[in-house]
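[1] have a look; sequence and predicted model below, questions after that.
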Amino acid sequence: MSKKAFYVTTPIYYVNAEPHIGHAYTTVIADFLARWHRLAGYDSYFLTGTDEHGEKIAQAAKAAGEEPQAFVDRVSTRFKEAWKRLCIEYDDFIRTTEPRHKKIVQEILQKVYDAGDIYYGEYEGYYCVGCERFLTDKELVDGCCPDHGTPPEKRKEGNYFFRMEKYREWLIDYINSHPDFIRPEGYRNEVLSILSEPIGDLSISRPRERVPWGIPIPWDEKHVTYVWFDALINYVSAVGYPDGEKYQRYWDSVWHLIGKDIIKPHAIFWPTMLKAAGMPIYKHLNVGGFLMGPDGRKMSKTLGNVVDPFDLSEKYGADVVRYYLLSDVPYGQDASVGETHLVARYNADLANDLGNLLSRTITMIEKFCGGEIPAPKAKGSPDDELIALAESLPDKLETMVNRMQLNAAIREIWRFIGRANKYIDETMPWSLAKDSSQKERLDTVLYNLAEALRVAAVHISPIMPNTPAKIFEQLGIDDASLSSWESVKKWGGLPAGLKVSRKEIIFPRIDEKAKEKAKAEQETKAKAKEEKQAEAKEEAANIISIEDFAKVELRIAEVLEAEKVKGADKLLKLQVKIGDERRQIVAGIAKYYSPEELVGKKIVVVANLKPAKLRGELSQGMLLAASNEEGLSLITVDRDIESGARVK
């Protein structure tokens, strides 16, 4: 009997910027879904990738001083590296610059053109480069793009258009007749609201002379394909549309995962494109909310509230970050994320619940049973509840996962783990061990705890792919069949007699006070390192080649003011006059000169250095000094000369 297929996709991420927590969140969810369905017996396939064409990419490459292809090659690799750090196991990684993708884009364009659904026309409107599309007057907020907060450009140009309006009524009917097509429901209603008014036709090309970085229109090479008519097709080009075995096998079961900022292209452009091309419509569009900073505001480097998932994975491990993102954020809703939230979730769920259950169970089996998992014998009253909860988990989780109630599904697993911890307190194995007549009851209790750990480990494997192996190792399990989905549908699959072995605690509790102390120590070390680097940078800047010496402009400067740089014992901040110009120079001379004795001195400075920041203070030049083991002496002049004079 063939397995039921499951196909999950992330958006292909635009490579005009580095991967961030929004990318990580969606990709972790996709990886979880792929792993969970595979565990549950589905023929599971997971696609991610990068979107590499369009005006934004060309601009980003130019700003980086690179050719577009070199730029996208570099940034696309960064996404692959990022996913490796979070233990993402995709089946395919599609890039829109690959020949296999370009070929299918042109085939579908030609198919829709031949059907009469593409025409040439002129359009004038407001174009947002960030969104890579024209915006309607209704979409603008105070004259600006609602997503980017910048005013769009007024553009008029001749393009090819897709007859999208033609399919508006069809799409309304389709959404109404498939209530779980767009999930959660609030986003479905949002799309229906957009469709309640005419949506117009979609401009699907750009003049090649203006945007050369794209896939040529097959019947007119003076135009390249609009980025969305290119990017969306990745979902079928990657699986070999139209005749590929993977397309035939997976397309009917596809779940798209997106962020709410790209709902319009996926919920309106994409299904109408599929309809026009005579292709089946995807199964589900799952729309995630925004992740906000710990302060509840949109993340911004300026606000200092950016959360880096890759830094967190370096610090706490990929499994912890994955667990936190999946368990703490209700899918579809906006949510605040941050290290403080992660640590709280870690201590409560991983250290206190799962880690504690494992540690207590292994310790008691070693202490009371010689290190071997005993066979169950005498059943007691709390056993039925624990066993019933375990055997009900697979069906409950399948229902929740199918409804994208992911954090609720994880809460259900942890309800079972919590019940196992409570079971210890109810049965009190340490008391049973004191009474030889209770040996059979003790054996049953300890067996049930070991089996509960095995059941929990299997269920968490799609969430935390590295943790189950650590649990199985301590339980003495090396039989792969004991980690299967089928093996946890019926209680009692764990064989007795396995030798347990206590290892390091898998989730040691994080001491907040110790953490703060360590953080302060790290900041002190970083500060010292930064100061040392600043000194080395200043010293290195004084070393130039003979060829460059002629470029150096030395001038006389008069010191007007001087003061110490806060938090930097070795730095002084000087206000100097160079001719009619006033500048600030930061120098590491505080050990040798007090601020007071510098005022009024005429010194020699390098006046044509590029400004730099030292310890956050702008330095607009560099002074000259001589040094030896006894100290340092500024280079001054031996008679009065006006400031600004050239030193020759």
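    Nice, I can see it.
[2] just the helices from the stretch 151-300 of the chain, written as ranges.
    Remark: helices assigned in the stretch 151-300 of the chain by DSSP state H, counting those that start in this stretch are 168-177, 185-195, 227-231, 234-237, 245-250, 263-264, 270-276.
[3] let me have those in TSV, extended by distance to Val500.
    Heads up, the C-betas are built off the backbone N, CA and C, glycines and all. Shown next, in TSV, are these (distance: least, Cβ to Cβ, whole Å):
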stretch	distance to Val500
helix 168-177	54
helix 185-195	47
helix 227-231	51
helix 234-237	46
helix 245-250	41
helix 263-264	50
helix 270-276	52
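[4] nearest to Ala557, out of the ones you listed?
    Checking these against Ala557 by Cβ to Cβ gives helix 227-231 as the closest, at 53.0 Å.
[5] count the neighbours of Val604 for me.
    19 (other Cβ atoms under 10 Å).
[6] can you report phi and psi for the nearest residue to Ala318 once chain neighbours are set aside?
    Leaving aside its sequence neighbours, Ala318 sits nearest to Cys87 (Cβ to Cβ, 6 or more residues apart in numbering; 4.7 Å). Backbone torsions of Cys87, given as degrees, to the nearest 10, read phi 60, psi 40.
[7] from Tyr42, how far out is Cys87?
    20 Å (Cβ to Cβ, to the nearest Å).
[8] can you check Lys564 too?
    Noted for Lys564: a distance of 67 Å to Tyr42, by Cβ to Cβ.
[9] which one of the two has more residues nearby?
    Set side by side, Lys564 and Tyr42 give different neighbour counts by other Cβ under 10 Å, the larger being at Tyr42 (18 against 14).
[10] against Ser633, how distant is Gly380?
    Distance from Gly380 to Ser633, counting by Cβ to Cβ: 87 Å.
[11] least confident secondary structure element in this structure?
    Using mean pLDDT, DSSP states H and E, helix 512-541 stands out as the lowest-scoring helix or strand of the chain, at a mean of 58.
[12] just for the stretch 101-250 of the chain, where's the confidence low?
    Along the stretch 101-250 of the chain, segments meeting pLDDT under 70 span 132.
[13] next one: the chain
    Ranges of the chain meeting pLDDT under 70: 1-2, 132, 300-303, 513-550, 629-630.
[14] all strands of the stretch 151-300 of the chain, in order?
    153-162, 182-183, 202-203, 205-207, 216-217, 220-225, 254-259, 284-288, 291-292 (DSSP state E, counting those that start in this stretch).
[15] which one of the helices of the stretch 151-300 of the chain is the most hemmed in?
    Highest mean neighbour count of the helices of the stretch 151-300 of the chain: helix 227-231, a mean of 26 (counted as mean count of other Cβ atoms under 10 Å).
[16] dump that one to PDB, keeping only the CA atoms.
    Taking Å, rounded to 0.1, in the frame of the first residue of the first chain, the C-alpha atoms of helix 227-231 are listed here in PDB:
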ATOM      1  CA  VAL A 227       9.500  38.800 -10.000                       C
ATOM      2  CA  TRP A 228       6.300  37.300  -8.600                       C
ATOM      3  CA  PHE A 229       5.300  35.500 -11.800                       C
ATOM      4  CA  ASP A 230       8.800  34.100 -11.600                       C
ATOM      5  CA  ALA A 231       9.100  33.300  -7.900                       C
END
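[17] which other helices and strands contact that helix?
    Contact analysis of helix 227-231 by 3 or more Cβ pairs under 8 Å, 6 or more residues apart in numbering; DSSP states H and E lists strand 43-51, helix 99-114 as its packing neighbours.
[18] want to throw those into CSV with mean neighbour count and distance to Glu209?
    Shown next, in CSV, are the helices and strands packed on helix 227-231 (neighbours: other Cβ atoms under 10 Å; distance: least, Cβ to Cβ, whole Å):
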stretch, mean neighbour count, distance to Glu209
strand 43-51, 24, 22
helix 99-114, 18, 20
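[19] spatially nearest residue to Asn305 (excluding sequence neighbours)?
    Gly293 (2.9 Å).
[20] number of nearby residues for the spatially closest residue to Leu291 that is not a sequence neighbour?
    Setting aside the residues directly before and after it, Leu291 is nearest to Val337 in space (Cβ to Cβ, 6+ apart), at 5.1 Å. Using other Cβ under 10 Å, Val337 has 22 other residues around it.
[21] beta-bridge partners for Leu618, please?
    According to DSSP bridges, the residues that bridge with Leu618 are Lys613.
[22] contacting residues for it?
    Gln584, Val586, Pro611, Ala612 (Cβ atoms under 8 Å, 6 or more residues apart in numbering).
[23] can we see that at 10 Å?
    The contact partners of Leu618, by Cβ atoms under 10 Å, 6 or more residues apart in numbering, come to Lys573, Arg583, Gln584, Ile585, Val586, Pro611, Ala612.
[24] measure it to Glu558 for me?
    According to Cβ to Cβ, Leu618 and Glu558 sit 19 Å apart.
[25] which stretches in the stretch 451-600 of the chain count as strands?
    Using DSSP E, counting those that start in this stretch, strands in the stretch 451-600 of the chain cover 554-564, 572-578, 581-587.
[26] out of those strands, which comes closest to Arg441?
    Closest approach to Arg441 among these (Cβ to Cβ): strand 554-564, 73.9 Å.
[27] pick the one among the contacts of Leu618 closest to Val239.
    The closest of the contacts of Leu618, once distances to Val239 are taken by Cβ to Cβ, is Ala612, at 51.6 Å.
[28] what is the burial count for that closest one?
    Number of residues near Ala612 (other Cβ under 10 Å) recorded here: 16.
[29] which residues does the closest residue to it other than its chain neighbours contact?
    The shortest distance from Ala612 to any non-neighbouring residue, by Cβ to Cβ, 6+ apart, is to Ser619 (5.5 Å). Residues near Ser619 by Cβ under 10 Å, 6+ apart: 534, 538, 541, 571, 573-574, 583-587, 609, 611-613.
[30] weed out the non-buried ones from those.
    Buried members of those, scored by 16 or more other Cβ atoms under 10 Å, are Ala534, Glu538, Leu571, Lys573, Leu574, Arg583, Ile585, Val586, Ala587, Ala612.
[31] on that earlier part again, the residue nearest to Asn305 is in contact with Val337, isn't it?
    Yes - under the criterion of Cβ atoms under 10 Å, Gly293 makes contact with Val337 at 7.7 Å.
[32] could you tell me which residues touch both of these two?
    Taking Cβ under 10 Å, 6+ apart as the criterion, Gly293 and Val337 both touch Ile21, Met299, Asn305, Val307.
[33] could you measure from Val254 over to Asp51?
    In terms of Cβ to Cβ, Val254 sits 18 Å off from Asp51.
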